[in-house]
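S.K.: what follows is a predicted protein model with its sequence.
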Amino acid sequence: MHKLISLRMIVALATCLLGVVTMQAVYAQQASPNPGPQVAVRGYAEVEIPPTQAEFSIGVVTTAPIAAAAGEENARISKAVSDALKGAGLKREEIIASQLLVSPRWEWDEKNKRQKRSAFEATNTFQIKTENLTQIGNFIDAALSAGATNASQVDFLAKNADAARHQALSQAVASARSDAEAIAKAGGGALGELLLLSTDQDSPLAGMSPREITFSASRRAPEPVSTEVVPNQIKITAQIIARWKFVPSAAPK
């Protein structure tokens with residue numbers, strides 16, 4: 001009886017071991033198949049579109065011995081700047097944000113070897129987003145003339161760049177296939193089945209090229225000079241990676 005049980009156990013154990021070995025062999029074949037020769041390339045394309053919007057900010061900075069005085073002076077100048085912007089044609093809704101910050105200004109006291117408060121500084125920043133691209137220079141001039149102390153760089157944007165991005169992707173794929181076909185032909189074969197087609201995550205799909213212009217009230221000339229801001233074209237880029245099977249040409253008989 002004991003011998004019969006032992007025999008059955010041996011048979012069962014052998015069956016299990018055979019199954020494990022078989023599964024490992026199948027998995028090894030699936031995990032590391034021989035892909036054969038392939039052609040892998042990158043495709044790149046760039047499309048330029050005109051901007052439809054511009055974003056920039058206008059700053060008003062004031063200082064005073066006490067915080068309340070700095071804030072009051074800033075409020076007075078900020079209202080004048082806001083009125084001047086609207087008078088130049090900027091719509092109220094195009095001033096998308098206005099943020100006031102009052103903070104102490106610190107200086108190093110060499111005698112006492114420590115920081116000391118010398119004044120209070122109030123900063124108000126107007127965030128502006130407009131589609132009136134031809135009047136940006138006039139808006140900035142009006143703000144500086146009304147007492148604004150600085151203007152940021154101007155960033156040009158496109159309201160909807162999806163169509164251009166799709167166009168760039170199509171061109172990138174076409175470029176990749178053209179290069180791959182040339183490589184395959186030079187290698188004595190042709191392209192086979194498409195194995196991989198994906199955007200290259202290491203490269204941005206879309207990028208903007210804003211014209212960086214910084215303005216300051218201290219740079220204004222004695223004679224009125226109009227500030228000119230020229231919108232740049234926006235560059236939409238696409239980069240993809242693709243891989244095809246390589247099919248060698250049949251050897252002549």
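M.R.: The structure has been received and is ready for your questions.
S.K.: check which element follows the lowest-mean-pLDDT helix or strand in the chain along the chain.
M.R.: Ranking every helix and strand in the chain by mean pLDDT, DSSP states H and E puts strand 215-216 at the bottom, with a mean of 34. Remark: after strand 215-216, the chain's next helix or strand is strand 234-248, criterion DSSP states H and E.
S.K.: now that following strand, how far from the centre of its chain.
M.R.: Centroid separation for strand 234-248 versus its chain: 21 Å, with CA atoms, centre = their mean, to the nearest Å.
S.K.: and Val229, how far from Ala168?
M.R.: From Val229 across to Ala168, the span is 26 Å (CB to CB, to the nearest Å). (Glycine included, C-beta is placed from N, CA and C.)
S.K.: and if you look at Glu46?
M.R.: To Ala168, Glu46 is 7 Å away according to CB to CB.
S.K.: hey, what's in contact with both of these two?
M.R.: Common neighbours of Glu46 and Ala168, using CB atoms under 8 Å, 6 or more residues apart in numbering, are 236-238.
S.K.: now neighbour count too, for those residues, in TSV please.
M.R.: Formatted as TSV, the shared contacts of Glu46 and Ala168 follow (neighbours: other CB atoms under 10 Å):
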residue	neighbour count
Ile236	25
Thr237	17
Ala238	26
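S.K.: okay, those residues in TSV with distance to Ser98 and pLDDT next?
M.R.: TSV is the format used below for the shared contacts of Glu46 and Ala168 (distance: CB to CB, whole Å; pLDDT from 0 to 100):
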residue	distance to Ser98	pLDDT
Ile236	32	92
Thr237	35	93
Ala238	38	94
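S.K.: out of those residues, which is nearest to Gly36?
M.R.: Ala238 (29.0 Å; CB to CB).
S.K.: and that closest one, what does it touch?
M.R.: Going by CB under 8 Å, 6+ apart, Ala238 touches 43-46, 165, 168-169, 171-172, 199, 205-206.
S.K.: now for the closest residue to it other than its chain neighbours, how many residues are close by?
M.R.: Nearest non-adjacent residue to Ala238, counting by CB to CB, 6 or more residues apart in numbering: Ala168, 3.7 Å away. Neighbours of Ala168 under the rule other CB atoms under 10 Å: 25.
S.K.: Ser178 too?
M.R.: By other CB under 10 Å, the residues close to Ser178 number 12.
S.K.: what's the angle between whichever strand or helix holds it and strand 234-248?
M.R.: Taking DSSP H and E as the definition, one finds Ser178 inside helix 162-186. Helix 162-186 runs at 30 degrees relative to strand 234-248, counting by axes from the mean of the first three to the mean of the last three CA atoms, to 10 degrees.
S.K.: now the next helix or strand after helix 162-186 - C-alpha only, PDB.
M.R.: Note on helix 162-186: by DSSP H and E, the next helix or strand toward the C-terminus is strand 189-199. Extracted C-alpha coordinates of strand 189-199, given in PDB (Å, rounded to 0.1, in the frame of the first residue of the first chain):
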ATOM      1  CA  GLY A 189      15.600  45.200 -49.600                       C
ATOM      2  CA  ALA A 190      12.300  46.900 -48.900                       C
ATOM      3  CA  LEU A 191      10.100  47.800 -45.900                       C
ATOM      4  CA  GLY A 192       7.800  45.200 -44.500                       C
ATOM      5  CA  GLU A 193       5.300  45.300 -41.700                       C
ATOM      6  CA  LEU A 194       5.100  48.500 -39.500                       C
ATOM      7  CA  LEU A 195       6.200  47.500 -36.000                       C
ATOM      8  CA  LEU A 196       6.200  50.800 -34.100                       C
ATOM      9  CA  LEU A 197       5.000  54.300 -34.700                       C
ATOM     10  CA  SER A 198       5.000  56.700 -31.700                       C
ATOM     11  CA  THR A 199       5.700  60.300 -30.800                       C
END
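S.K.: that concludes my questions; thank you for your assistance.
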